[in-house]
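Novice: Predicted coordinates and the sequence they were generated for:
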Amino acid sequence: MTYLIAEPCVDLKDRTCVDVCPVDCIYEGARKLYINPAECIECGACEPECPVEAIVIEQQATDEEAVHLADNAAFFYDVLPGREQPIGDPGGANVLGPVDADTPLVADLPPRSS
Ligand code: F3S
Ligand code: F3S
């Protein structure tokens, strides 16, 4: 079980969640952030901090949100467009830094109109 970040984060990237995660397992992509499912300790600290309620725990995800469970994992374990290797489990978002790529699902979403 893990927490995941769903579509409301796209093109917003508020990042308040990053500041409260005790294990630094929320990683930044080009248009969205992603929770590493292997590194998340399910503490729940991030969930109430997101102003657009993009963060949910797997067990409570709606069908629409649940798509992002596999997609959060894909950010780490698939080879993202423009990269040569999977990101894997770096052990901290600070170690890796922002990634200038997204999963194909997120990259193909239409721009969010503000
Ligand atoms: Fe995104 Fe919400 Fe975090 S918008 S960056 S999931 S605080
Ligand atoms: Fe991090 Fe806890 Fe959320 S480990 S991703 S703040 S559930």
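Specialist: Noted; the coordinates are in hand. Ligands and ions are numbered 1, 2, ... in the order given.
Novice: Tell me which residue is most central in the chain.
Specialist: Tyr34 (1.1 Å; CA atoms, centre = their mean).
Novice: following the longest helix seen in the chain, which helix or strand comes up?
Specialist: Taking DSSP state H as the criterion, the chain has its longest helix at helix 63-77. Using DSSP states H and E, the helix or strand that follows helix 63-77 in sequence is helix 93-96.
Novice: Show me what the helix or strand that that next one is followed by is packed up against.
Specialist: Following helix 93-96 in sequence order, the next helix or strand is helix 104-107 (DSSP H and E). If contacts are counted by 3 or more CB pairs under 8 Å, 6 or more residues apart in numbering; DSSP states H and E, helix 104-107 sits against helix 63-77. From N, CA and C alone the C-beta is placed, and that goes for glycine too.
Novice: So which elements touch the helix it packs on?
Specialist: strand 3-5, strand 33-35, helix 104-107.
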